[in-house]
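S.K.: return atomic coordinates for the entry below.
(chains A and B)
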Amino acid sequence: MDKILKVNDLSVSFDTYGGEVKAVRGVTFDLDEKETLAIVGESGSGKSVTAQSIMRLIPMPPGKFASGSIEFNGENVIEKSEKQMEGIRGKEISMIFQDPMTSLNPTMTVGKQIAEGLIKHQNMSKKEAHHRGVELLKLVGIPNPEARIKQYPHEFSGGMRQRAMIAIALACNPKVLIADEPTTALDVTIQAQILDLMRDLQDQTGTSIILITHDLGVVANAAHRVAVMYGGKIVETGNVDEIFYNPKHPYTWGLLGSMPKLDSDSDEELQAIPGSPPDLADPPKGCPFAARCPYAMKVCEDHMPEYTELSKTQKTACWLLDERSPKVEPPESALVGGSKVNE
Amino acid sequence: MNNNKEKLLEIKNLKKHFKMDRNNYLKAVDDISFDIYKGETFGLVGESGCGKSTAGRTILRLYEATEGAVNFQGENVHAKKSKKDLKKFNRSMQMIFQDPYASLNPRMTVKDIIAEGMDIHGLVNNKKERTARVNELLETVGLNADHGNRYPHEFSGGQRQRIGIARALAVNPDFIVADEPISALDVSIQAQVVNLLKKLQRERGLTYLFIAHDLSMVKHISDRVGVMYLGNMAEVATSDDLYAEPLHPYTQALLSAIPISDPEVERTRERIIVEGDVPSPINPPSGCRFRTRCPMAMEICSKVVPEWQEHSKDHWVACHLYNDKYNEENKARQNLAKA
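M.R.: The predicted model follows:
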């Protein structure tokens, strides 16, 4: 499959009063056509900054690209002018946000907000854009689209607003859709509807999706590949089965272990990860997870581990995979689905 | 845990209506009844706007009930009382809030935040005792004594939630309402706080009302679970029963909507997708409130409000499917659903 997006050694920093905060520190990944890549991590792990960098939505200053490149269609997005970016945003790459209330314009009708991109990028007339808007609202499952298109965002419910956001994002058939926590603000029954919708639309339009989330359930449901971020770095990446059934990084184990399982005994303690994430104004020299890792060795504190390629798709940055390290088995709490792990 | 079930709280036909304008009332909580036993965790789940937080707050009398009673150890919290009597209740019932950023006064030190309740209730006699007690509480929740002199903004979300827990514990309550205490926290921190709550319950025999929308976490922490929909209670059962054999179609849909962190399971399982959104609680549907989204709705559902009945031991449900009167019809439907 062709790579549509290649992010290479991307570093993004922010100048603050407290010093330079290194939010993203050398992130490398790529995106295939028609695939969904999930970026998982806790708040402050750099997942949203990575996504916003692709769209060049980071305000600069205080933000700055410290290193790396973002290659889209063979061209480096970082070197593009603001004017050139306007031709990419919304047309080639578009984004949906966590909170559909604050990311829609409350003073414009939903129809106008959909038409905006169509008129700008596809030279449609107002009338054509209106017709296409009705089609799009129908596509994302909004009942009675002819009437709905004339309404304002406040007249929509949370789930409906997220559907409208998706309609706006998909209006110009973008090649890449970045979804930043698209279901976090929604109730579970609505979340299920939106995840279904995104899958259907991907089948129909062939858009590649970068899905940013902290919910491993959502990842298991929607992603083909997963990148696990911690402290501004990708600590493990692999396809969805590898990450869930054969995780190698202790942080991935910790994430899987701290989720309660529906079929588990409630007397069991959850495997909490002790401590809290590192301060990226003064990032640790070695592995960012070392301070919270139950298996940390001396080397972890001083040196960042290289990636070990475990398969064509799975790469993990952990000293435990070095041949000189002691063999460590993942804790039982990190085992998903039990039997499959032994294969 | 509940072998000798002693009722700590009895919630009877509790209603809380908010006046919107002259003719309209928002029926946030509309006639719910359930008991909470001593030493248990009762989980209250539902989607946003279903009235679960209002229920929690009305039980503590942070809101005055429109109708109904909350009997705490046999006494009605909502019966008219002098300030002195109320204070006694306030000491035994405490709350932990959802937002650890908004629920701590930014101008007070952590020590004063935690000690405020003790001061009001006169639980400490002198400064030394006060400091000692605060330090003890800080250690109980996994913080250090020297954290007491700092201000809330110096702490992370998880640490702030620990401060909120210490504040609730300060007055030695019997009953704590935890309103989405972990929703604002990261996954790895959520587990820390849940483990802390469970540990405190074991050590101090606390009773919790745990309000959340995350069903997998609720299953983990609760002994019994109540499912609310649009101000009504749809189902109450032990957490194992509820997850093994959900009766109400809403509970079934809610359970099937939770994404499970296992890709193989996600690929193969069938979802019950409920269509549409939650209707407005100002003008709720007639009869059963879930009928507009219910995949099994029958004619009767729009006409008659389903009765709150004990379907099997300790398993309560409000649904016409389990009413003998409509048994024939409902059996056929259940078979259809299974197929």
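S.K.: where exactly do the strands run in the stretch 1-150 of chain A?
M.R.: Assigned by DSSP state E, counting those that start in this stretch, the strands in the stretch 1-150 of chain A fall at A:3-16, A:19-32, A:36-40, A:63-72, A:75-76, A:93-96.
S.K.: what helices or strands is the fourth one leaning on?
M.R.: To tie it back to what came earlier, the one meant is strand A:63-72. Here strand A:63-72 touches strand A:3-16, strand A:19-32, helix A:47-54, going by 3 or more C-beta pairs under 8 Å, 6 or more residues apart in numbering or on different chains; DSSP states H and E. In short, each C-beta sits where N, CA and C put it, glycine included.
S.K.: closest one to chain B among the ones you listed?
M.R.: helix A:47-54 (11.8 Å; C-beta to the nearest C-beta).
S.K.: same for the closest one, what does it pack against?
M.R.: Against helix A:47-54 (3+ C-beta pairs under 8 Å, 6+ apart) you get strand A:3-16, strand A:19-32, strand A:36-40, strand A:63-72, strand A:176-180, strand A:208-213.
S.K.: the ones you listed into JSON lines, with extra columns for mean pLDDT?
M.R.: Formatted as JSON lines, the helices and strands packed on helix A:47-54 follow (pLDDT from 0 to 100):
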{"stretch": "strand A:3-16", "mean pLDDT": "90"}
{"stretch": "strand A:19-32", "mean pLDDT": "90"}
{"stretch": "strand A:36-40", "mean pLDDT": "93"}
{"stretch": "strand A:63-72", "mean pLDDT": "89"}
{"stretch": "strand A:176-180", "mean pLDDT": "91"}
{"stretch": "strand A:208-213", "mean pLDDT": "92"}
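S.K.: want to throw the ones you listed into a markdown table with mean neighbour count?
M.R.: A markdown table is the format used below for these (neighbours: other C-beta atoms under 10 Å in any protein chain shown):
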| stretch | mean neighbour count |
| --- | --- |
| strand A:3-16 | 18 |
| strand A:19-32 | 19 |
| strand A:36-40 | 25 |
| strand A:63-72 | 17 |
| strand A:176-180 | 24 |
| strand A:208-213 | 24 |
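S.K.: for the stretch 201-339 of chain B, which segments count as strands?
M.R.: With DSSP E, counting those that start in this stretch as the criterion, the stretch 201-339 of chain B has strands spanning B:207-212, B:224-229, B:232-238, B:309-312, B:315-317.
S.K.: do the stretch 151-300 of chain A as well
M.R.: Under DSSP E, counting those that start in this stretch, the stretch 151-300 of chain A gives strands at A:176-180, A:208-213, A:225-230, A:233-239.
S.K.: and those: which comes nearest residue B:138?
M.R.: With C-beta to C-beta as the criterion, residue B:138 lies closest to strand A:225-230 of the strands of the stretch 151-300 of chain A, at 28.4 Å.
S.K.: other residues contacting the closest one?
M.R.: For strand A:225-230, the surrounding residues in contact (C-beta atoms under 8 Å, 6 or more residues apart in numbering or on different chains) are A:27, A:29, A:35-42, A:45-47, A:50, A:219, A:234-240, A:243, A:249, A:251-252, A:255, A:277, A:288-289, A:313.
S.K.: so where is the chain shaky, pLDDT-wise?
M.R.: Assuming you mean chain A. Per-residue confidence for chain A (pLDDT under 70) gives these ranges: A:1, A:262-268, A:337-343.
S.K.: wait, chain B was what I had in mind.
M.R.: Short version for chain B, where the test is pLDDT under 70: B:1-4, B:325-339.
S.K.: name the single longest helix found in it.
M.R.: What stands out as the longest helix in chain B, according to DSSP state H, is helix B:187-204.
S.K.: in this structure residue A:14 contacts residue A:20, no?
M.R.: Yes. Residue A:14 lies in contact with residue A:20 (C-beta atoms under 8 Å); the separation is 7.1 Å.
S.K.: tell me how many other residues crowd residue B:91.
M.R.: Residues near residue B:91, counting by other C-beta atoms under 10 Å in any protein chain shown, number 18.
S.K.: chain A contacts on the stretch 101-250 of chain B?
M.R.: B:156, B:158-159, B:186-192, B:194-195, B:198, B:213, B:215-217, B:219-222, B:239, B:243 (C-beta under 8 Å from any C-beta of the partner chain).
S.K.: in ChimeraX, select just the buried ones from those.
M.R.: To isolate the buried members of those in ChimeraX, using 16 or more other C-beta atoms under 10 Å in any protein chain shown:
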select /B:156,158,159,186,187,188,189,190,191,192,194,195,198,213,215,216,217,219,220,221,222,239,243
